[in-house]
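Peer 1: Provided below for reference: sequence and predicted model.
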Amino acid sequence: MPAFRAPRGTRDLLPQDQLALGRLRALGEELAQRYGYHPIATPLFEQVAVFERGIGEVTDVIEKELFLLAPREEDGERWALRPEPTAGIVRAYVQHGMQTWPQPVKLTMTAEMFRYDRPQAGRYRSFWQFDVEAIGDPGPAVDAEIIELASRFYRRAGIKAFTILLNSIGDAACRPAYVAELTAYYREHVGELPPLERSRLERNALRILDSKDESIAALNAAAPKVTDRLCDACAAHFAAVREHLDALEVAYTLEPRLVRGLDYYTRTAFEIFPAGAMGQQSALGGGGRYDGLVELLGGRPTPGIGFGLGLDRVLLALREQEGGAGAIDAPEPTPVGVVVGSDPADTVTRLRVATDLRAAGLAARAELGQRKLGKQLEAAARDGAHFAVILGDELASGNVQLRDLEAGTQRAVALADLARELQRASISHRHGLAADRPEAMSD
RNA sequence: GUGGCCUUAGCUCAAUCGGCAGAGCAUCGGAUUGUGGCUCCGAAGGUUACGGGUUCAAGCCCCGUAGGCCACCCCA
């Protein structure tokens, strides 16, 4: 075992992982741009208060999962690594006066999040989220637009079957009364509650609702439902969101017991799961409306909605459904040419020829080790290179051998024409390959 | 944060009752001094996660720690 290893709950993304993650990031960025979202980046860490105020102090994310940074000075500011992107983006919205921009302000960010949680498969202390936020639009149309965007992302990423759970959890006008009613309901049945649920009763009764404890399943089924207690405005909003989703033919499942783990959510709330894996660490993403958040963080009352999609989990789900490496793990483009030579020691010429090819815009590699030609060619072939440029005695007359590694044929080419010849050869080569290359992420 | 299972070479795994730490793959080299993926041969790679304990003797038994995983919890 090495003396040092990646910190608990973190992992190194090796080239294959980083490549696959990069494809998901690129997909998110491309979609977000197409839907009119603009890129933003906020700091990796914020004042703790940004998260406490925004997310809510009585949430697991704040109480036990916040990744706190040790301050250098006793009276210094308290900082924490971001556990989610929304609070920081809304903080930026307020700080930069984005309420004076044309509304809504639509922002997107793909970034690493941090939660000091106990690690498990699919649950890391550092993980990637593709996030979009539409601030300044009360909906309901934008609610549907955002859910449709999430849905399209999963489809294009290659997730074959997923379920969107949808709920409305009311707003300041109706949720307090509902929570009071729910608390009263559970208080009557306090004797039937397991210890964990009992401890939640007075703090956040909503949490009891989505308990997986079998012993209170019946109790939960009989509990009053949020959706039956929405005020007229919330009920109308929720109905309109569903109407828009139906019109867009986005399938969803109503889940009246869905509550989100962050306090800032109002009205629309949704979570996405791979089909048939509705528990554990499998949620692929989630989001919702946060009409009170901008004000909580010091801005004017402004509605907003957004989602965060867990890219690590999308990757896990893709590999799971393929039973290993899937389309997302398509190999990296191979170098067109590798420059090898009969004189192992002559790295100068090999490097110079490769450099010229690169300057001409070609993907080329030179064998810089001093092994003999056979080994050089062997390495070039295993690299997946299409062509080998072989430097030998012909160099004296200005020629090199251009060898097609797949066909096993070669011909002499003047060094001066090498870039042009290689360019032409690689184009016909690529055309020949196009047929059996799978389209990884298409609509 | 709670409970449980696991940890042997870079990877996947062997190792009889507690009795010499091994294989396949991968890596590097040779067969092959100017021609590749196959094949054959060889080399390198280990504080058996770490720290204690029991024993003539520990990869194996006991205790602790770390990490991973599973179920909770929570979510992404």
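Peer 2: Noted; the coordinates are in hand.
Peer 1: for the residue positioned nearest the centre of chain A, grab phi and psi.
Peer 2: In chain A, the centroid-proximal residue (CA atoms, centre = their mean) is A:Leu311; its distance is 2.9 Å. Main-chain torsions, A:Leu311, degrees, to the nearest 10: phi -70, psi -30.
Peer 1: next: A:Phe273.
Peer 2: Here is the backbone geometry of A:Phe273 (degrees, to the nearest 10): phi -130, psi 150.
Peer 1: below-threshold pLDDT in the stretch 101-250 of chain A: ranges please.
Peer 2: A:212 (pLDDT under 70).
Peer 1: right, and RNA strand B sits closest to which residue of it?
Peer 2: Residue nearest to RNA strand B within the stretch 101-250 of chain A: A:Ala121 (2.9 Å; CB to the nearest atom of the strand). In this view, the C-beta of every residue, glycine as well, is placed from N, C-alpha and C.
Peer 1: how many neighbours does that residue have?
Peer 2: Number of residues near A:Ala121 (other CB atoms under 10 Å) recorded here: 10.
Peer 1: now do A:Leu373
Peer 2: 17.
Peer 1: quick one, what contacts it?
Peer 2: If you count contacts by CB atoms under 8 Å, 6 or more residues apart in numbering, A:Leu373 has them with A:340-342, A:344, A:390.
Peer 1: for those, which one is nearest RNA strand B?
Peer 2: Closest approach to RNA strand B among the contacts of A:Leu373 (CB to the nearest atom of the strand): A:Ser342, at 3.9 Å.
Peer 1: what's the spacing between the nearest residue to that closest one once chain neighbours are set aside and A:Leu315?
Peer 2: Leaving aside its chain neighbours, A:Ser342 sits nearest to A:Gly392 (4.3 Å; criterion: CB to CB, 6 or more residues apart in numbering). A:Gly392 is 45 Å from A:Leu315, where distance means CB to CB, to the nearest Å.
Peer 1: who has more neighbours, the two?
Peer 2: Counted by other CB under 10 Å, A:Gly392 and A:Leu315 do not tie: A:Leu315 has more neighbours, with 22 against 14.
Peer 1: what's A:Lys106 sitting at in phi/psi?
Peer 2: Note on A:Lys106: backbone dihedrals following degrees, to the nearest 10 are phi -110, psi 120.
Peer 1: what residues are up against it?
Peer 2: Listed by CB under 8 Å, 6+ apart, the contact partners of A:Lys106 are A:35-38, A:132-135.
Peer 1: same thing but at 7 Å, please
Peer 2: Contact analysis of A:Lys106 by CB atoms under 7 Å, 6 or more residues apart in numbering lists A:36-38, A:134.
Peer 1: how much space between it and A:Asp171?
Peer 2: 22 Å.
Peer 1: and what of A:Arg125?
Peer 2: 33 Å.
Peer 1: check A:Ala70 too.
Peer 2: Taken as CB to CB, the span from A:Ala70 to A:Asp171 is 38 Å.
Peer 1: the two: who's more crowded?
Peer 2: A:Asp171 (20 against 7).
Peer 1: isn't the more buried one right next to A:Cys234, touching?
Peer 2: Yes - at 5.6 Å, A:Asp171 counts as touching A:Cys234 under the criterion of CB atoms under 7 Å.
Peer 1: who touches both of those two?
Peer 2: Overlap between the contact sets of A:Asp171 and A:Cys234, as judged by CB under 7 Å, 6+ apart, is given by A:Arg267.
Peer 1: anything in stretch A:293-303 near RNA strand B?
Peer 2: No - Stretch A:293-303 is not in contact with RNA strand B by CB under 7 Å from any atom of the strand; minimum separation 13.7 Å.
Peer 1: in that stretch, which residues are buried?
Peer 2: For stretch A:293-303, a neighbour-count test (16 or more other CB atoms under 10 Å) marks A:293-294, A:296-297, A:299, A:302-303 as buried.
Peer 1: and those as a markdown table, adding secondary structure and pLDDT?
Peer 2: As requested, those are exported to a markdown table (DSSP: H, G, I helix; E, B strand; the rest coil; pLDDT from 0 to 100):
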| residue | secondary structure | pLDDT |
| --- | --- | --- |
| A:Leu293 | helix | 92 |
| A:Val294 | helix | 94 |
| A:Leu296 | helix | 90 |
| A:Leu297 | coil | 92 |
| A:Gly299 | coil | 93 |
| A:Thr302 | coil | 95 |
| A:Pro303 | coil | 95 |
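Peer 1: quick check: the farthest pair among those residues?
Peer 2: Maximum pairwise distance among those (CB to CB): 13.8 Å, between A:Leu297 and A:Pro303.
Peer 1: quick one on the thing from earlier: state the distance from the residue of the stretch 101-250 of chain A closest to RNA strand B to A:Arg319.
Peer 2: Noted for A:Ala121: a distance of 12 Å to A:Arg319, by CB to CB.
Peer 1: just the strands in the stretch 301-443 of chain A please.
Peer 2: Under the criterion DSSP state E, counting those that start in this stretch, the stretch 301-443 of chain A contains strands at A:304-310, A:337-341, A:364-366, A:387-391, A:399-404, A:409-414.
Peer 1: give me the neighbour count for A:Gly326.
Peer 2: Neighbours of A:Gly326 (other CB under 10 Å): 18.
Peer 1: does it touch A:Arg319 like I think?
Peer 2: Yes - if you go by CB under 7 Å, A:Gly326 and A:Arg319 touch, sitting 5.9 Å apart.
Peer 1: list the buried residues in the top helix by length along chain A.
Peer 2: Longest helix in chain A, counting residues (DSSP state H): helix A:15-34. Buried residues in helix A:15-34, defined by neighbour count with 16+ other CB under 10 Å: A:20-21, A:23-24, A:27-29, A:31-32.
Peer 1: ok, and does that helix reach over to RNA strand B?
Peer 2: No - judged by CB under 7 Å from any atom of the strand, helix A:15-34 and RNA strand B are separated, with a smallest distance of 12.2 Å.
Peer 1: next helix or strand past that helix?
Peer 2: strand A:38-39 (DSSP states H and E).
Peer 1: tell me the strands beside that next one, with direction?
Peer 2: According to DSSP bridges, strand A:38-39 forms sheet pairs with strand A:105-114 (parallel).
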